[in-house]
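Visitor: sequence and predicted structure are below.
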Amino acid sequence: MLASGIASARAGWHLALWDEHRAARLHTLASADELWAVLRDLCEAHPAMPVVLPSGLGIPVTRAGDLLDQDIAEMTGALAADQAERLLALLVEARRRAPRALCIPAVKLLPTIPLHRKLRRLELGTAEALCIGVWALYCLQQSGMQSDAASFLLVHRGPAGRVLLAVQGGRIADGIGELPGLLPPEAAPWTDADRHAHGPRAPFRVRSPLTLREAEKRLPGCSQLAKDESLCKEALGLAALHGLRDVVLLGDQAPEATRILETRLRRIPLSDMAAGHEAALGGALIAAGLTGGPTASLVNRLGVREARERAPDWIEP
């Protein structure tokens with residue numbers, strides 16, 4: 001069966017077409033108008049083709065035609081401004097142009113994630129992170145690995161940020177998202193009014209703080225080194241917590257981060273034929289699985305259809 005998935009690209013959108021009997025077809029489209037034009041032609045040629053849309057912080061599986069404004073707000077509201085604006089425009093347009101296309105959960109919403117890992121967390125990986133995880137699991141299955149034997153750390157770096165997922169027994173058990181949970185009130189930044197009211201008790205503020213630009217002058221490349229080490233700290237901590245010894249590296253990996261991870265974990269090689277399109281391909285696999293296609297067992301094992309929670313759940317006291 002033919003299925004498709006859409007994901008954000010550095011400039012524009014990725015569209016992946018997946019058919020179990022043919023090589024995947026990958027498109028990079030510069031604008032939403034180009035995307036809708038291609039999708040219109042595909043849907044006319046393949047009326048039954050399921051489509052998964054990029055879904056940000058996710059919602060339970062929902063057709064685009066049934067999306068409420070509140071649903072779109074939950075999927076986009078906490079994202080970076082530029083990401084949120086692009087995704088909001090796409091989802092609003094999808095209600096009219098692709099009413100049968102599907103929005104899906106993000107990692108936090110999956111029933112395979114224990115409740116205590118969801119507390120005060122806005123996300124543990126976006127819906128695109130889930131799609132990337134599905135693509136990795138599918139590739140490992142195709143290489144002969146049994147689903148219940150798949151336990152590994154997934155590290156992906158791409159235009160939307162980095163993805164860190166802990167997979168145990170073929171299910172996503174944990175993840176580290178790009179967004180923090182809501183800060184407790186006492187940790188909120190001080191305003192000028194707070195400083196005036198509390199006087200000497202207000203937090204000390206450096207008169208002329210050193211900048212990132214100054215850091216680069218003193219040590220060229222230190223910004224990238226900081227990103228690499230931060231990624232490795234999170235990745236190795238997640239692997240240690242869950243007792244994972246294997247790692248799957250996808251996307252635009254930095255050489256230094258790759259070197260550090262490969263010295264501490266055993267790398268599972270995957271084909272790079274989908275480089276940059278992993279999220280779109282994973283979305284296509286989910287689309288096929290949700291509509292009874294050959295990836296149904298994989299999608300069902302992850303509990304995608306059973307997700308009922310929302311991103312704002314488990315935040316407030």
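Guide: Received the coordinates, thanks.
Visitor: which helix or strand in the chain has the lowest average pLDDT?
Guide: helix 192-198 (a mean of 50; mean pLDDT, DSSP states H and E).
Visitor: contacts for the following helix or strand past that one next, please.
Guide: Sequence-wise, the next helix or strand downstream of helix 192-198 (DSSP states H and E) is helix 212-218. Contact with helix 212-218 is made by 222-223, as judged by Cβ atoms under 8 Å, 6 or more residues apart in numbering. Using the backbone N, CA and C atoms, a C-beta is placed for each residue, glycine as well.
Visitor: repeat the analysis, applying 10 Å as the threshold.
Guide: Residues external to helix 212-218 that are found in contact with it (Cβ atoms under 10 Å, 6 or more residues apart in numbering): 210-211, 222-224, 226.
Visitor: possible to save the residues you listed as CSV with distance to Gly125, pLDDT and neighbour count?
Guide: Compiled in CSV, the contacts of helix 212-218 are given as follows (distance: Cβ to Cβ, whole Å; pLDDT from 0 to 100; neighbours: other Cβ atoms under 10 Å):
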residue, distance to Gly125, pLDDT, neighbour count
Leu210, 33, 73, 9
Thr211, 31, 78, 9
Cys222, 28, 84, 13
Ser223, 24, 82, 13
Gln224, 23, 80, 13
Ala226, 22, 84, 13
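Visitor: name the nearest of those relative to Leu53.
Guide: Gln224 (32.7 Å; Cβ to Cβ).
Visitor: tell me the secondary structure for that closest one?
Guide: Following DSSP: H, G, I helix; E, B strand; the rest coil, the label given to Gln224 is helix.
Visitor: go ahead and confirm it touches Ala257.
Guide: Yes - the criterion here is Cβ atoms under 10 Å, and Gln224 meets it with Ala257 at 9.4 Å.
Visitor: which non-adjacent residue is nearest Ala274?
Guide: Leu281 (5.2 Å; Cβ to Cβ, 6 or more residues apart in numbering).
Visitor: now do the SS call for that neighbour.
Guide: helix.
Visitor: that one and Ile315, how far apart?
Guide: 32 Å (Cβ to Cβ, to the nearest Å).
Visitor: contact partners for the residue nearest to Ala274?
Guide: Listed by Cβ under 10 Å, 6+ apart, the contact partners of Leu281 are 3-5, 7, 14, 16-18, 24, 26, 131-132, 134-135, 138-139, 273-274.
Visitor: any chance of CSV for the contacts of helix 212-218, columns distance to Ala48?
Guide: Putting the contacts of helix 212-218 into CSV (distance: Cβ to Cβ, whole Å) gives the following:
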residue, distance to Ala48
Leu210, 59
Thr211, 55
Cys222, 53
Ser223, 48
Gln224, 46
Ala226, 49
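Visitor: of those residues, which pair is most distant in space?
Guide: So, the contacts of helix 212-218 by Cβ to Cβ: farthest apart are Leu210 and Gln224, at 18.2 Å.
Visitor: so what touches stretch 68-79?
Guide: So stretch 68-79 is in contact with 53-60, 62, 64, 67, 83-92, 94-95, 103-104, 106, 122-123, 126-127, 160, 177-180, 182, 310-312, going by Cβ under 10 Å, 6+ apart.
Visitor: show me those that map onto helices.
Guide: Counting by DSSP state H, the contacts of stretch 68-79 place 83-92, 94-95, 127 in helices.
Visitor: pLDDT weak spots in the stretch 51-200 of the chain?
Guide: 159-160, 180-200 (pLDDT under 70).
Visitor: cutoff 90 now
Guide: Scanning the stretch 51-200 of the chain for pLDDT under 90 picks out the ranges 77-83, 122, 146-149, 157-162, 177-200.
Visitor: can you check the stretch 201-317 of the chain too?
Guide: Across the stretch 201-317 of the chain, residues meeting the criterion (pLDDT under 90) sit at 201-231, 251-260, 269-276, 315-317.
Visitor: what about the strands in it?
Guide: 246-251, 266-267 (DSSP state E, counting those that start in this stretch).
Visitor: what lines up beside the shortest one in the sheet?
Guide: Pointing back at strand 266-267 there. Sheet pairing here is set by DSSP bridges, and for strand 266-267 it gives strand 246-251 (parallel).
Visitor: return the distance of the partner strand from the chain's centre.
Guide: 15 Å (Cα atoms, centre = their mean, to the nearest Å).
Visitor: same thing with stretch 248-261?
Guide: Averaging C-alpha positions (Cα atoms, centre = their mean) puts stretch 248-261 17 Å from its chain's average.
Visitor: mind checking the end-to-end distance for it?
Guide: Stretch 248-261 stretches 10 Å from its first residue to its last (Cα to Cα, to the nearest Å).
Visitor: now Leu154: how far from Ala24?
Guide: 20 Å.
Visitor: who's more crowded, these two?
Guide: Shown here are Leu154 and Ala24; by other Cβ atoms under 10 Å, Leu154 has more neighbours (28 against 15).
Visitor: the nearest residue to the more buried one once chain neighbours are set aside: neighbouring residues, count only.
Guide: Distance criterion Cβ to Cβ, 6+ apart; nearest residue to Leu154, sequence neighbours excluded, is Leu165 at 4.3 Å. For Leu165, the neighbour count with other Cβ under 10 Å is 25.
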